[in-house]
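> okay, sequence plus prediction incoming.
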Amino acid sequence: MNVSSPLEPDRDRRAWLGAVLIALLTFLAIAPTLRRPQLTGGNENIVVATSLQMRQGGPWLVPQLNGEPRIKKPPLVAWITAVTLRQSTIDQLDSPEAIVRSAAYVDLAWQVRWTGVAAGGVLILATFAFARTIGGNTVGLGAAMIVATNLLFMKFMRQSTTDVHLAMWVTIANACFAMALLERHFWLAATLGAFATGMAFLCKGPVALLETILPLVAGAMLLRRTGGSDSTGLGVKRYALLIGTGAAVFALVALPWFAHVLATVPGAWATWFTEVTREGATDLEPSSPGIYLLLGPMMWPWLVFGVIGLILICKHPRDARRLLPLLQVLLPLAVMICFRDRKDRYLLPMIAPSATICAIGLAAWVNDWKQRNTARLGREQAVLGTHVFVLLGGAIALAWVGVSQPTVDGRSWWPASVAGMMSLLLLLIASTGVVLQRRHPWATAGATFATVLLLQAIFIVGYARGPSGMSAYAALADTIRTTASDARVYEWGGKGQRLTEEMSIYLNRAIFHAEPGTLRAAPERATVVLLRQYRGEPDPLLPAPWRLLGTATEKKQTWWAYLLPPDKP
């Protein structure tokens, strides 16, 4: 199998239009589902709570979360999210009418999340730009489809979170750096590439350099050793000018906020050290290094082509052009695996190079299919059959998962009859792709793209009705609003425990940290305290005049809400 060479320049515009169409179709498929799940994601809720408190009069330059400076992560994503919130929606979150509040929270979910899907659309285009630099427009279009329809994208790119925006900016930067290394677009790298790296740094700090600059340096060294880099005529002075320009652009974008925080927030350096090393950042047990091995399975349903792509890369170990996406996957992972805090969402910046590797295999298979080589026909048909088996096996399994998953009222997401109908529909789409494959070499890839987009829309309908898609705190928040709408709210989960952002969102106010014994009745204003109880612990009982308002249970913990009436003379 041979990867296609870049198409002629007069076809580039059509290829870019194809990439834009892929991004648009992905947005249109995901956007209608954004309102359905409530705001229950931990990382997403941090951004939402911070953004709401910014819009409620909190500082913007150094945002606050529940009364404390939110400096553990840079503020770029919170700034973007806060700007997209409509003031009318924020006002309706405090409406005395429950039906109005409920509708406002549905609107809030849309306003928060569409920016994440939009970032996903930009990531698709940046992936196309990167992949076409590696293998031409055919590889670029394949990578655009693959990056839009893998499990990692479908799981996370529907939220406005730090990792979602980080993945977008990292991919833009890496696309620019690839163009510099392979096509001599040096000033593009020194300007837009450096700018995107700075924006990635403003999303999540130094990890951005690990996912951009480290692969860039390694790729440049590899290209020099293999003779794949055409750098003749640059000269030392021009190299210095390019590097200096890039460093200046990066510094102007990324560093001023950090310098301001260091000068104004006590203990900022210690906080950042903890966040970067993750030592003491969480009281949870270290995550298994094996979680990063999920990157392979999470590229479903394109696994077969990923294997082909890896084989092609390994067959040509001196082909630095093909090795570049592999470097962008392996080098960051080799460093990230050394840290104790490991999560699957940390893999998001690696989906673009992973999709490119899969696209190398897909493009090679498509090109061989076009040639209809009799000697290779049996092998190409075997690849087709294996891919369709993997696609349908996973898709039908996900359709039947809903039969066993409970909603909050104890029923299943959908009955077996619905799962059966879904299976038939998925089978029909895949079969249509196989039939059309005889005349259209991209038919199976297109059917795969359509299958995943349809499946995510159906799956999210069931997910939104389950415990993970509905807030465990919304009902208790409504009770607090009804009983004491102007109460000052505190949480006590023990020293060092992080406050629950979800309750802050559904109360639409900051929640402060305080031990119940330190709270006293305030004149003409009620006080509410939330107490965390882990499974197996005794009930947290407070004496009169404290009064129990209600409880909210999520997984292994329960929150108890107690009301202290105002001190009226």
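Arrived safely, thanks for sending.
> show me where the stretch 401-550 of the chain has its helices.
416-436, 443-463, 474-483, 501-507 (DSSP state H, counting those that start in this stretch).
> unless I'm mixing things up, Ser485 is touching Ser95, no?
No: Ser485 is beyond contact range of Ser95, at 10.6 Å (criterion: Cβ atoms under 8 Å). Backbone N, C-alpha and C define where each C-beta goes, glycine included.
> comparing these two, which shows the higher neighbour count?
Ser95 (14 against 11; other Cβ atoms under 10 Å).
> pretty sure the more buried one contacts Ala104?
Yes: with contact defined as Cβ under 8 Å, Ser95 counts as touching Ala104 (6.8 Å).
> centroid-nearest residue for this structure?
Nearest to the centroid of the C-alpha atoms of the chain, with distances taken as Cα atoms, centre = their mean, sits Val164, at 3.3 Å.
> confirm that that residue sits in a strand.
No: counting by DSSP: H, G, I helix; E, B strand; the rest coil, Val164 is not found in a strand; it is helix.
> can you tell me the closest non-neighbouring residue to it?
Counting by Cβ to Cβ, 6 or more residues apart in numbering, Val164 lies nearest to Gly116, which is 4.7 Å off, once chain neighbours are set aside.
> centre of the chain to stretch 43-63, how far?
19 Å (Cα atoms, centre = their mean, to the nearest Å).
> typo on my end, stretch 40-59
Using Cα atoms, centre = their mean, the offset of stretch 40-59 from its chain centre is 17 Å.
> so which bits of that stretch are buried?
Burial within stretch 40-59, assessed by neighbour count using 16 or more other Cβ atoms under 10 Å, is assigned to 40-41, 43-55, 58.
> give me the pLDDT for Val489.
Val489 is assigned 91 on the pLDDT scale.
> for it, which residues are in contact?
Contact analysis of Val489 by Cβ atoms under 8 Å, 6 or more residues apart in numbering lists 480, 503, 507, 509, 511-512, 527-530.
> buried subset of these?
So, by 16+ other Cβ under 10 Å, the buried ones in the contacts of Val489 are 480, 503, 507, 509, 511, 527-530.
> in those, find the pair that's most separated.
Met503 and Thr527 (15.3 Å; Cβ to Cβ).
> and the gap between the residue nearest to Val164 and Ile30?
Distance of Gly116 to Ile30, given as Cβ to Cβ, to the nearest Å: 9 Å.
> now do Gly394 against Gly378, distance only.
Remark: distance between Gly394 and Gly378 (Cβ to Cβ) = 25 Å.
> the closest residue to Leu252 other than its chain neighbours: how many residues sit nearby?
Among residues not flanking Leu252 along the chain, Gly198 sits closest, at 7.4 Å (Cβ to Cβ, 6+ apart). Using other Cβ under 10 Å, the number of residues around Gly198 comes to 22.
> so which helix or strand takes in Gly198?
helix 194-204 (DSSP states H and E).
> all strands for the chain, in order.
Counting by DSSP state E, the segments of the chain that form strands are 64-65, 68-69, 488-492, 512-513, 527-534, 547-554, 557-564.
> so which of the ones you listed is nearest Leu427?
Closest to Leu427 of the strands of the chain is strand 547-554 (Cβ to Cβ; 37.6 Å).
> just checking: what are the partner strands of that closest one?
The strands that strand 547-554 pairs with in its sheet are strand 557-564 (antiparallel) (by DSSP bridges).
> now for this protein, the helix or strand with the poorest mean pLDDT.
Lowest by mean pLDDT, DSSP states H and E among the helices and strands of the chain is helix 268-277, with a mean of 83.
> can you give me the helices in the stretch 51-200 of the chain?
Using DSSP H, counting those that start in this stretch, the helices of the stretch 51-200 of the chain run over 76-84, 87-92, 98-135, 137-148, 151-156, 162-183, 186-188, 194-204.
> can I get these in JSON lines with mean pLDDT?
Shown next, in JSON lines, are the helices of the stretch 51-200 of the chain (pLDDT from 0 to 100):
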{"stretch": "helix 76-84", "mean pLDDT": "95"}
{"stretch": "helix 87-92", "mean pLDDT": "94"}
{"stretch": "helix 98-135", "mean pLDDT": "95"}
{"stretch": "helix 137-148", "mean pLDDT": "96"}
{"stretch": "helix 151-156", "mean pLDDT": "94"}
{"stretch": "helix 162-183", "mean pLDDT": "96"}
{"stretch": "helix 186-188", "mean pLDDT": "93"}
{"stretch": "helix 194-204", "mean pLDDT": "97"}
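> point out where the protein drops to low pLDDT.
1-10, 227-234, 278-286, 372-377, 494-499, 569 (pLDDT under 70).
> tell me the domain ranges of it?
Domain ranges of the chain: 9-169+265-365, 386-463, 474-564, per automatic domain parsing.
> which of those sits most buried?
Comparing those by mean neighbour count (mean count of other Cβ atoms under 10 Å), domain 9-169+265-365 comes out on top with a mean of 20.
> before we move on, the earlier item: so the residue nearest to Val164 touches Ser160, yeah?
Yes: at 4.1 Å, Gly116 and Ser160 qualify as touching, with contact defined as Cβ under 8 Å.
> in stretch 204-220, what's buried?
Using 16+ other Cβ under 10 Å as the test for burial, stretch 204-220 gives 204-205, 207-216, 218-220.
> thinking again about what came up before, contact partners for the residue nearest to the centre of the chain?
By Cβ under 8 Å, 6+ apart, the contact set of Val164 is 77, 116, 119-120, 156-157, 348.
> mind redoing it with 6 Å?
By Cβ atoms under 6 Å, 6 or more residues apart in numbering, the residues touching Val164 are 116, 119, 156-157.
> how about CSV for these, with distance to Val170 added?
Formatted as CSV, the contacts of Val164 follow (distance: Cβ to Cβ, whole Å):
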residue, distance to Val170
Gly116, 15
Ala119, 11
Phe156, 14
Met157, 13
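> can you redo the domains of the chain as TSV with distance to Leu255?
Formatted as TSV, those follow (distance: least, Cβ to Cβ, whole Å):
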stretch	distance to Leu255
domain 9-169+265-365	11
domain 386-463	38
domain 474-564	28
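> ends of stretch 69-86, how far apart?
Distance between the two ends of stretch 69-86: 24 Å, counting by Cα to Cα, to the nearest Å.
> show me how far that stretch is from its chain's centre.
Centroid separation between stretch 69-86 and its chain, computed with Cα atoms, centre = their mean, is 15 Å.
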